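Asks: this one's structure only:
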């Protein structure tokens, strides 16, 4: 390894290879499972701290330490290598903060050094999920990608013109993006509160219609198939038909 094993792992004294640490491997696997489920790192850190599970160096868990752990090649049982670049000023190589799996010069494949907390495929999925939450800025630095702050952002489309422009919140109204970008299209504007109330009411009404429909179908089913031991599951039986033609279902 040439360094300290990641949290949840240890170096076996007999074989010199990575192996799960009996005291911390269950917590490391919990971190991995939460990350695979798409949980934000801040929530994982909060969970660990809430149950007073100490970080590798003691103290509280932080988002940075979790990100570093999940990306570490050794966390997947692979030999790590710190990337180095050539420093023209000093005339020598210098190491960066990027750690990647070491690849065998002959085969080009990563080198396994024992059992990891996650598989290579699981780590690949975790890294892809973490990468999807950031976006590179013009200066090369990354910033988090956040979801819309308002209920209907990206769901409302302007009805003026071709009807393709999305609407987003501006003040207390949803406004056509074309207007916000200075286009000549007059665009549409709608007060946020009444629009959100109308969409919420329509959604609740649709769900109420579905509930009534399923109750009616269940009554028919029980009447036509009494005592046959069939378990009625209207959601399972009707979901595809409903999505295909809601009006016919009504």
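Replies: Looks like it came in fine. Please read these numbers as outputs of a predicted model, since none were measured by experiment.
Asks: which helices and strands does the longest strand along the chain pack with?
Replies: For the chain, the longest strand by residue count, based on DSSP state E, is strand 92-101. On a contact count with 3 or more C-beta pairs under 8 Å, 6 or more residues apart in numbering; DSSP states H and E, strand 92-101 meets strand 80-87. Heads up, the C-betas are built off the backbone N, CA and C, glycines and all.
Asks: re the thing from before, could you point out the helix or strand that follows the longest strand of the chain?
Replies: Using DSSP states H and E, the next helix or strand after strand 92-101 towards the C-terminus is helix 120-131.
Asks: relative orientation of that following helix and strand 92-101 in degrees?
Replies: Here helix 120-131 runs at an angle of 110 degrees relative to strand 92-101 (axes from the mean of the first three to the mean of the last three C-alpha atoms, to 10 degrees).
Asks: Tell me the buried residues in the lengthiest helix in the chain?
Replies: Counting by DSSP state H, the longest helix found in the chain is helix 192-224. Using 16 or more other C-beta atoms under 10 Å as the test for burial, helix 192-224 gives 192, 195-196, 210, 213-214.
Asks: so which of those comes closest to residue 40?
Replies: Residue 40 lies nearest to residue 196 out of those, by C-beta to C-beta, at 25.3 Å.
Asks: how much space is there between the residue lying closest to that closest one once chain neighbours are set aside and residue 198?
Replies: Sequence neighbours aside, residue 151 is the residue nearest to residue 196 in space, at 5.3 Å (criterion: C-beta to C-beta, 6 or more residues apart in numbering). For residue 151, the distance to residue 198 equals 12 Å [C-beta to C-beta, to the nearest Å].
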